[in-house]
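Trainee: give me coordinates for this.
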Amino acid sequence: MDDAAYGLWPLVILNTALFVVFAASFFHPQSRRDWRAMGAYSAFLVALFTEMYGIPLTIYLLGSWLGSTFPLLKDTHAGGHLWNDLIGWTGDPHLSPFHLASYIAIGAGFWLLAAAWRVLHAAAQQRSLATTGPYARVRHPQYDGFLLIMIGFLLQWPTIPTLAMFPILVYVYIRLARSEEREVAAEFSDAWTAYAARTPAFWPRMRHGRPQSPREADRNRITSDRSNRPHTTGRI
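Mentor: Below you'll find the predicted structure:
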């Protein structure tokens with residue numbers, strides 16, 4: 001790809017719409033909070049594809065500063081793969097280690113959105129707390145899914161706007177997660193307290209062997225509580 005491949009605004013619109021609709025079909029937004037999460041993700045995609053196919057602002061800015069140090073940093077479409085330029089990758093940019101890692105991260109993100117939604121939908125039908133599947137490892141797997149997709153795109157095509165946006169979007173998702181947790185805690189009370197105590201919010205704990213099911217975790221907690229009670233002398 002030696003051509004510039006910029007100024008292609010129909011591609012900006014098409015790719016943004018494609019990935020937004022694709023994510024929505026996995027995420028199934030319903031509440032205002034869900035639409036805020038989708039809005040943050042959509043804003044990231046607009047910034048990304050605008051630089052990918054519209055105006056390569058990052059390449060212009062860095063090229064004038066680092067062009068002599070990194071000769072691959074030029075305003076062609078291949079030049080937008082900045083991580084490849086920085087390590088001197090001269091092969092097909094779509095087969096670089098960063099690009100391959102991005103495929104894994106993006107695919108895992110969409111899988112997490114879909115897998116989490118199935119569990120959440122089933123729990124909503126039963127009016128119960130979602131604690132199985134991805135929810136057995138983290139309390140907010142769908143937000144993790146969105147962040148994984150964004151990380152994948154940052155590995156593939158980093159830009160100054162998207163790198164600046166990412167920590168802000170992490171903060172937005174944390175705020176949304178806390179708001180969601182307050183509502184769920186009010187509805188499920190003790191069940192939520194026990195679930196939150198054993199399950200991290202975003203980053204899964206490293207465990208040996210298979211993860212405990214909620215029933216096993218509760219049974220072990222009860223056993224532990226009994227073993228820690230003071231023993232009294234009584235008649236057998």
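Trainee: spatially central residue for this protein, please.
Mentor: Leu147 (2.1 Å; CA atoms, centre = their mean).
Trainee: ok, now which ones touch that residue?
Mentor: With contact taken as CB atoms under 8 Å, 6 or more residues apart in numbering, Leu147 is in contact with Gly109, Leu169, Val170, Tyr173, Phe202. Just so you know, the C-beta spots here come from the backbone N, C-alpha and C atoms, and that holds for glycine as well.
Trainee: just the buried residues of those residues.
Mentor: With neighbours counted by 16 or more other CB atoms under 10 Å, the contacts of Leu147 contain buried members at Gly109, Leu169, Tyr173.
Trainee: among these, name the ones in helices.
Mentor: When the buried ones among the contacts of Leu147 are checked against helices (DSSP state H), the matches are Gly109, Leu169, Tyr173.
Trainee: between these, which is nearest Trp157?
Mentor: Relative to Trp157, the closest of these is Gly109; by CB to CB it sits at 15.4 Å.
Trainee: wait, isn't that closest one in contact with Phe153?
Mentor: No - under the criterion of CB atoms under 8 Å, Gly109 is not in contact with Phe153, lying 9.6 Å apart.
Trainee: need the contacts of Leu147 in a markdown table (columns: pLDDT).
Mentor: Shown next, in a markdown table, are these (pLDDT from 0 to 100):
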| residue | pLDDT |
| --- | --- |
| Gly109 | 97 |
| Leu169 | 96 |
| Val170 | 96 |
| Tyr173 | 97 |
| Phe202 | 95 |
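Trainee: show me the contacts for Ala201.
Mentor: Taking CB under 8 Å, 6+ apart as the definition of contact, the neighbours of Ala201 are Val138, Arg139, His140, Ala177.
Trainee: residue contacts, the second one?
Mentor: Which is Arg139. With the criterion set at CB under 8 Å, 6+ apart, Arg139 makes contact with Ala177, Glu181, Tyr195, Ala196, Thr199, Pro200, Ala201, Phe202.
Trainee: give me the number of residues near the fourth one?
Mentor: The one in question is Ala196. Taking other CB atoms under 10 Å as the criterion, the count of residues near Ala196 is 15.
Trainee: which ones are touching it?
Mentor: Counting by CB under 8 Å, 6+ apart, Ala196 makes contact with Arg139, Glu181, Ala185.
Trainee: shaky segments in the protein?
Mentor: In the predicted model of the chain, residues 1-5, 59, 63-80, 207-236 satisfy pLDDT under 70.
Trainee: can you do 90?
Mentor: Under the criterion pLDDT under 90, the flagged ranges of the chain are 1-8, 30, 51-96, 157-160, 205-236.
Trainee: mind listing the strands for it?
Mentor: Chain-ordered strands for the chain, with DSSP state E as the definition, do not occur.
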